[in-house]
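A.B. asks: no sequence on this one, just coordinates:
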């Protein structure tokens, strides 16, 4: 009897445990509790918005602790940093593996791209799933347009670095055959990018019909014109080389660039910012905390101390040496600015020479003095304090971004408030209308169809802002120092205008590559100001500072005795990572590598 | 405990008024002696003390007694037995018959000796055999451990007791000899804790190591993991956090179990716990189950071994014993790197700048100031204002070239000495039907950081209660409470990584100069507290005499609370104005509360029966486990007052978030043990498990295992050898175990949602969704199949013991890392069951123990080694960025160094290196053209075309060694313990090895040994020419020249103790008092560069908390 009681107690005990834990067959079903699964995510327009929002961080802006977009030109002949750019110097070697995407805001400003398709996959996931959301098309189209825009944008970055590419337009899985697809010719990729651009243009709302922080149809049009101009000139100037496209001289793309820019101009939605102050308008375009309402700014990135989204730009642009290893602006860029009379320095009677900084700025295109510090410029006007730091002479040291003696001013607001120097709110322009005008002018110049009316609508509008003499198609002065003596005078002048207007904003490297213009710097070294030894009793030439035989600061004299060794049969495109070639035998390496 | 105490524990202190004449009524035919003992106990209350192995030699008994006096019954039972008995109090002690009665020898005057036999804790030992080595009469210690014996006055007493070391004591004319017996380190009769039960060590067939922790408990370690390193063969312990206090160590058994990692399942009294949560003083035994057969019964979570810890219990019918053990001590870093002297440093940086074509970082006048400072540090300012500013160089993080002090930052950051203490007070004992053990412990360690109030405190409270109110039921309740508090300074990343020796600690106006240090000192604090309550009730029903059923339930709840306070810290400018420290621009309080609840229920039943010579044990049961984790955190900026660190008292921006996760497993299991005469042993286990971590349809797995043993020494033919080799057992096992230890929910594709995007839309930083990755839909159990062969030997009267195991573990269906796929995939490759790994290894333990008169010593050597190979992995190209078929785990690919280039001509003549970098010159590394193609390259970066890369070494630790020794003489004892890894290659982190970081000078500082770099004046340098840019990377590729041996041997512990004689103690009523001095990590032998501790993340990174050297003084008292 006792035994029976014992056994029944035990059985009851087992039963209880089953009740406590098990008994339902879902005991082992434990889905994530704090995360949304892909099956449940795509249900509302809010989810589409939340998904597309993060793509906005990929635009080049202020990154980490540097000057952001204003130091992108270090990779070109416009600027030179403390140590030479490895690509221009011809020192690149093929990487073993692709690194991660560079779109995050790391400490080290880097506008580099690697053979990485992560973000493209992210877009493709959106395009695969958005149609699951049941909502009126008008509530959805903006986000779909953004997705197409970003795919185009991301692919364009890859195209510029790698040329031919596989076209991936759906999220792949480890089983996808597309993992092993071959590269398609670059023009096929460009056509696909342009298709995406067209969809973006079709779907995105126009300015004023959508939040000012989001992409608009206009931005997509500007971007499309950029892609077309890039490919048009690339195919034209690399024609007949391994980098070119067989049977194409790029004319179609140039025409498309022209048409697209024209379409944007015809919307009259944007204009050139001016407040009627030619002496400061250009500079003040780049040093605003709030750019809303600015007619020229098509998309900008806001920073805010209150929202803990700040940048280092003011510290960086006044040249606080903080590990980045700053440099300065090159004599090459300075010399390309015209004199006030519209003549190049080689011939202008107004040119005062460049033996003193005062002479350099005398009678020059006002944009020079609004891009580069000139003597007497305030550097720092402290709040509630009379001390105003004034720029006099360059110091060539670690501080002040004036290793070449020409110190960048773009992006600086001298009225800086002390606590904000390292937690700044300076906004960043992501797209500006001036580029559209320049794209239009260049496309027409390349096509040989440019007219004075075109110039008056484009180049001369930009010159008007700063009070600069107009470019007159009929009276272009022959410049013995033209960068491209084999090309037409108008192409030379339009390119000069682009270089000057967009100086230090990150366009120059792309321009050099698409124009196949490496001979501008191959075998040469960037120079700086004329060195006046008596101003620097503490510096020893040949030890603390290097000066060339004509007396100009020559920062790479020691490390690049033979100048930049960019290899024109190789370095126009980057090498694909070795691992990619190994994993996908259908991939071929770029020419020369 | 060594003594096998069956259900009848004998510590009978009360004498029962039961006479010998009490009648016994028994009718049995061919009954086992044990059975008869049990019946006699029931009838008379006489308890029997005997050992298991003795009973194996017992013959069956047939008896027919009716109210027969006990003595007669016993006579009849013992008539044909190879042993005899004696009655002491109400206990019947069963002991082996003396082998040969030797004739009495001619002796000198016999004297009577008396005394008391106790164990090392002062508890009386009853039934200890004391006899003269020359033969003659013997004596057995009585109820309170007292004995008396008459022997010649020059006799040598042999004192032996099961579970204790046999001692030989010369009489030397003494008449009173108190004897303290030490427990044997390893004794075959010891019960080993195995899954859901215990087993005699002699009958084990799997690979199991059990150690008694009393030998480790005195070590001044804060967690038992540190004490186990090197003690158990095949158990590997390391920490990626160096010597940081209160952190969980990385543990593996027999090497890397799986490419996805695989650590053992740790159970404390049946509850999964972390080793750093338990007070070493509470621990009774630690058992490590290593092969599949041994750990099979734990199934789902035991694929890579099991560590079972049992805590102390009370003993039935024993007086309350109060014990205190405690120690106080001081700890300091074992070793610290030394920074280069500031002048050497500045010159080195300038030289590197020159090599990169950059400007000198330190101008001539600063170099002068450095020299001045070194001459007269008191009167020379160590920091200069940044030219043209009101800011000190360095305070804002910039302008490093304007400092000129000479600071060895590691010395500034770390103390030489920090206080620590550990105390444990416990009470244990038991009555007729219950036992109890209650313990309270506290550990408090001060941190090693200067400028920060860091430290670790842990409280442990345990109560283990057990009762058997009726013969058919036993109930126990174990309750445990743990509270641990970690305190940190203002920032946890406060270990110097890149601060330069030229920076002074203080600015000339007395402010802390280095901003990270300032944050550490004044920028707030962080504390993390974990409170854990564990409750484990268990009921054991005795259904019949051979069959019982156990139901237990484990529950724990962990509450975590962390608080981080960031305060605003201002730097002061040259003129004394406050300026923003960019590391600290706002104040904020962050609080985090987490709650984890774990429940596990086990019901299992055991059937044990001896059928003649056949022994059978069958066990079966099921288990359910579930775990829920919830966390809520919130932060708010802008504290009203830095004194009130509450979210309520902040005014700024705020945020909240949570984390929720859960998992569950379910399993049924069974085991059959079978043996014949204890000679032929067989065990079969099986487990069928389900886990919530896998998707439906992939959830369940069946994992069987089997093992056999053969005790050769029990064979008749062995008897001639019996005096030499007392015991010899061969073991073999094979089993499959499932592993489910993957991050949860890989089969669900999640769209991660985050807040505060780095882009402002209409005045808001929105919550945004990240892209989902790929799901591992088909993921299921990986299976570790282990074959194990082992041998256990005890020889020379158990003085020598040896255990050796060889094993081969195949991990099939392993959760491999996602295979290498072209980057166009655009996301991480999902984990899959895609690989097979084979691990082969050996383990060896050799022990020697001997007692010579008053001198008692033992030595134990533990050695283990293993290597793993990838047998299958989906990598057809054998690309080197992941695993490939045939790869040895841990292999390091690199170039063969061919010295440094000395001239440009040499560069021109040598094979081209432009595939690695565009420019090479004197002082740069020269690599060997292994494949002879005239060019140094990575080839296709595959194992078949590696270019000029070769396997230059292996980073897996090999040849792990532990050597311990113990000696005691009279009251003194001395022990030492060495631990080491005899073979391991490391490629040190570039910052640790070269100093000049490939990421640029700003990322590094320079240590003294790093100054031996190439320059025209130092062409025979060890290190290549330095640069200040990422050009350094070309010279710092993994290569033979900079492959370092990570082998080491460390004196982990050295201890000297003294036991105060019991005569003295008796006067104050104490049982035992031992005082000791102990030192941890006293000596280290390593080939690593100066200041790199071999146990800090294997010495490869720079910013780790130093490992401590500890000196303590302690005592153990019991009353």
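C.D. replies: Yes, it's here. These numbers were taken from a predicted model, which means no experiment stands behind them.
A.B. asks: The nearest residue in space to residue A:213 that is not next to it in sequence: what's it in contact with?
C.D. replies: Nearest residue to residue A:213, sequence neighbours excluded (CB to CB, 6 or more residues apart in numbering or on different chains): residue B:761, at 4.3 Å. In this view, the C-beta of every residue, glycine as well, is placed from N, C-alpha and C. By CB atoms under 8 Å, 6 or more residues apart in numbering or on different chains, residue B:761 lies in contact with A:53, A:56, A:211, A:213-214.
A.B. asks: so which of the residues you listed is the most crowded?
C.D. replies: residue A:56 (23 neighbours; other CB atoms under 10 Å in any protein chain shown).
A.B. asks: out of the contacts of residue B:761, who's nearest residue B:253?
C.D. replies: residue A:53 (47.1 Å; CB to CB).
A.B. asks: Would you mind measuring from the nearest residue to residue B:979 once chain neighbours are set aside to chain A?
C.D. replies: Among residues not flanking residue B:979 along the chain, residue B:230 sits closest, at 3.2 Å (CB to CB, 6+ apart). With distances taken as CB to the nearest CB, to the nearest Å, residue B:230 is found 38 Å from chain A.
A.B. asks: Report the beta-bridge partners for residue B:85.
C.D. replies: With DSSP bridges as the criterion, residue B:85 is bridged to residue B:94.
A.B. asks: That one and residue B:93 touch, don't they?
C.D. replies: Yes - counting by CB atoms under 8 Å, residue B:93 is a contact partner of residue B:85 at 6.3 Å.
A.B. asks: More neighbours: which of those two?
C.D. replies: residue B:93 (21 against 18).
A.B. asks: Quick check: chain neighbours aside, which residue is closest to that one?
C.D. replies: residue B:127 (4.1 Å).
A.B. asks: Likewise for residue B:238?
C.D. replies: In space, residue B:238 is closest to residue B:250, 5.0 Å off (CB to CB, 6+ apart).
A.B. asks: Just the element for the nearest residue to residue A:347 once chain neighbours are set aside, please.
C.D. replies: Nearest residue to residue A:347, sequence neighbours excluded (CB to CB, 6+ apart): residue A:477, at 5.9 Å. Assigned by DSSP states H and E, residue A:477 belongs to neither a helix nor a strand.
A.B. asks: Look up how far chain B lies from residue A:477.
C.D. replies: Counting by CB to the nearest CB - residue A:477 and chain B are separated by 38 Å.
A.B. asks: My read is that that residue contacts residue A:343, right?
C.D. replies: Yes - here residue A:477 lies in contact with residue A:343, judged by CB under 8 Å, at a distance of 5.2 Å.
A.B. asks: between the two, what contacts are shared?
C.D. replies: Common neighbours of residue A:477 and residue A:343 (CB under 8 Å, 6+ apart) do not exist.
A.B. asks: circling back to that earlier point, give me the neighbour count for the residue nearest to residue B:93.
C.D. replies: 23.
A.B. asks: Quick check: pLDDT value at it.
C.D. replies: Here the pLDDT value assigned to residue B:127 is 75.
A.B. asks: What backbone torsions are found at it?
C.D. replies: phi 90, psi 20 (degrees, to the nearest 10).
A.B. asks: One more: residue A:123?
C.D. replies: Residue torsions, per degrees, to the nearest 10, at residue A:123 are phi -70, psi -40.
A.B. asks: State the helix or strand in which the spatially closest residue to it that is not a sequence neighbour lies.
C.D. replies: Spatial nearest neighbour of residue A:123, excluding adjacent residues (CB to CB, 6+ apart): residue A:151 at 4.4 Å. Remark: residue A:151 resides in helix A:137-162, with elements defined by DSSP H and E.
A.B. asks: next one: that helix to chain centre, how far?
C.D. replies: Put simply, helix A:137-162 sits 16 Å off its chain's centre (CA atoms, centre = their mean, to the nearest Å).
A.B. asks: Now it: buried residues?
C.D. replies: Residues of helix A:137-162 classed as buried: A:140, A:142-162 (neighbour count, 16 or more other CB atoms under 10 Å in any protein chain shown).
A.B. asks: again with stretch B:1059-1075
C.D. replies: So for stretch B:1059-1075, counting by 16+ other CB under 10 Å, buried means B:1059-1060, B:1062, B:1065, B:1070-1074.
A.B. asks: All the helices of the stretch 101-250 of chain A, residue numbers only.
C.D. replies: Using DSSP state H, counting those that start in this stretch, the helices found in the stretch 101-250 of chain A span residues A:118-129, A:137-162, A:186-203, A:217-237.
A.B. asks: what's the average pLDDT for the helix holding residue A:151?
C.D. replies: Here the average pLDDT along helix A:137-162 is 96.
A.B. asks: Check which helices and strands that helix sits against.
C.D. replies: helix A:45-53, helix A:118-129, helix A:186-203, helix A:217-237 (3 or more CB pairs under 8 Å, 6 or more residues apart in numbering or on different chains; DSSP states H and E).
A.B. asks: can you tell if the first one touches chain B?
C.D. replies: In this case it means helix A:45-53. Yes - under the criterion of CB under 8 Å from any CB of the partner chain, helix A:45-53 makes contact with chain B via A:47, A:49-51, A:53.
A.B. asks: quick one: the residue nearest to residue B:669 when sequence neighbours are not counted and residue B:480, what's the gap?
C.D. replies: Nearest non-adjacent residue to residue B:669, counting by CB to CB, 6+ apart: residue B:687, 4.3 Å away. Using CB to CB, to the nearest Å, residue B:687 is found at 27 Å from residue B:480.
A.B. asks: Near the residue of the stretch 901-1050 of chain B found nearest chain A, how many residues? Count them for me, please.
C.D. replies: In the stretch 901-1050 of chain B, the residue that lies nearest chain A is residue B:918 (3.0 Å; CB to the nearest CB). For residue B:918, the count of nearby residues is 18 (other CB under 10 Å).
A.B. asks: Please settle this for me: is it part of a helix?
C.D. replies: No - looking at residue B:918 with DSSP: H, G, I helix; E, B strand; the rest coil, it is coil, so not inside a helix.
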